[in-house]
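please find the sequence and the predicted model below.
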Amino acid sequence: MTKFTLCIAYAGRCLVYLLVLIGVATGVFAQAIPGFSPLEVKVPFPPTPLPAGGDTYLCYELHLTNFYPEPISVERVEVFGESEEGTPLVAYEGQELIDNMRRPGTGDEPDERPKIGGGMLAFVYFFVRIEAGHAVPGQLLHRITFTKHVDGGTESGVIQSVWPVRADKKPIEVGPPLKGGYWVARNGPSNTSGHRRMVRPLLGPATVTQRYAIDYIKIDDQGERLSGDPKVNANHFCYGAEIIAIADGVVSATTTGIAENVPGRTLDEISRTRMVGNSVMLDLGGGVYAFYAHFKPGSIRVKTGDRVSRGQVLGLVGNSGNSGGPHLHLHLESWPLALSSEGLPYVIDAFERLGRCEGKTCTVGPAKKVRGEIPLRDDIVRFSE
């Protein structure tokens, strides 16, 4: 067994790579390029601690690139706090690893996801929970166990890499985007949200703009989201609800003129502009932008350059763009071009949590007042009127 420790400077800190090569077939792998890792390991956007549900979460993506010509199969990925002593915070293998890996540019064959071909990139998704009362680590140590396919056999290896947590930063605090409730945070922050899987390059880098995005739909106290024919937009309880500014800001862009969909159907032709439907981008200052999508046609009440105040009505909930039913899509990002920058963490200063939805079953219970958190996926929340 041969060990190599590599130190790479990043953001003023030392990133330590520990490479362990274990020859179990021909032994060529350990001797081919001593000291060099076959996998590049990166966290392009280190996580900021995110308060939610009384705990703290670290939401980020691990990028693995195979620099060897032979394919590499990832067997296990573990995440530790300050050191690898004790139980890992997260450990993926088997089906859980398959569920949390993606390989861009390939067909989605789940069983093949852990296999990274020569020159290929793979993503591993994390939503690490730090329970209340436990300290948030200042760094995350990743241990990747893999096998390399070579000469009809396999060779095993272990790589360790350390990446910083932005523990000194806090998420942006904003107000609610809607009034009253009950609102369900569909596709909200989690490790299973479809928003997390939307990694697309635009103007150069591949980013996860919707990392913390939420699709808000409205339900009644019985957990129903509509009454009557589901193919009629107006029968959905959220349709036509007022969308409000989450903070003071300046309108940096709007998109209008996108027709409404029939619920249950999405766009036949999708482009970046049409995907977001009728939309509003607010510049909140400091390189932070709030993006609202899927407005009702003709309902947007602001224009580019307008200054808006927190709580000001921007328009009405609709069903335009890449949308299967009326809802409000909201996320914060780092650049004023929809779906082209990094998604930023944020918290809402005050709301009530009333329960959760499991699939199509939503259970509304007693209200719990919450301050300075973000709703998690499928949380049922209520905002002030």
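Yes, it's here. Numbering: from 1, shown residues only.

what about Pro216, distance to His327?
Actually, residue 216 is Tyr. It isn't Pro. Distance of Tyr216 to His327, given as C-beta to C-beta, to the nearest Å: 6 Å. (Glycine included, C-beta is placed from N, CA and C.)

overlap in contacts, these two.
Arg186, Cys238, Val317 (C-beta atoms under 8 Å, 6 or more residues apart in numbering).

Gly133: what secondary structure?
Judged by DSSP: H, G, I helix; E, B strand; the rest coil, the three-state class of Gly133 is coil.

what about it, how many neighbours?
7 (other C-beta atoms under 10 Å).

in the chain, where is pLDDT below threshold?
Scanning the chain for pLDDT under 70 picks out 1-35, 266-273.

on that earlier part again, what is the nearest of the shared contacts of Tyr216 and His327 to Val308?
Proximity of the shared contacts of Tyr216 and His327 to Val308 (C-beta to C-beta) peaks at Val317, which lies at 17.4 Å.

what is the burial count for the closest one?
Using other C-beta under 10 Å, Val317 is surrounded by 27 other residues.

ok, it to Glu109 distance?
Applying C-beta to C-beta to Val317 and Glu109 gives a distance of 37 Å.

kindly report the same for Leu339.
Distance, Leu339 to Glu109, using C-beta to C-beta: 26 Å.

and those two? which has more neighbours close in?
Neighbour comparison, Leu339 and Glu109: the larger count goes to Leu339, with 20 against 9 (by other C-beta under 10 Å).

just give the nearest non-adjacent residue to the more buried one, would you?
Spatial nearest neighbour of Leu339, chain neighbours left out: Thr209 (4.9 Å); criterion: C-beta to C-beta, 6 or more residues apart in numbering.

dihedrals phi and psi, that neighbour?
Main-chain torsions, Thr209, degrees, to the nearest 10: phi -60, psi -30.

that one reaches Pro336, doesn't it?
No. Under the criterion of C-beta atoms under 8 Å, Thr209 makes no contact with Pro336, lying 11.6 Å away.

show me what contacts Ser193?
The contact partners of Ser193, taken as C-beta under 8 Å, 6+ apart, are Asn187, Ala213, Arg377.

oh sorry, the question was meant for Val199
Glu61, Arg102, Pro104, Phe123, Ala206, Thr207, Val208.

how does this structure divide into domains?
2-164, 172-382 (automatic domain parsing).

still on that earlier bit, of the contacts of Val199, buried ones?
Glu61, Arg102, Phe123, Thr207, Val208 (16 or more other C-beta atoms under 10 Å).
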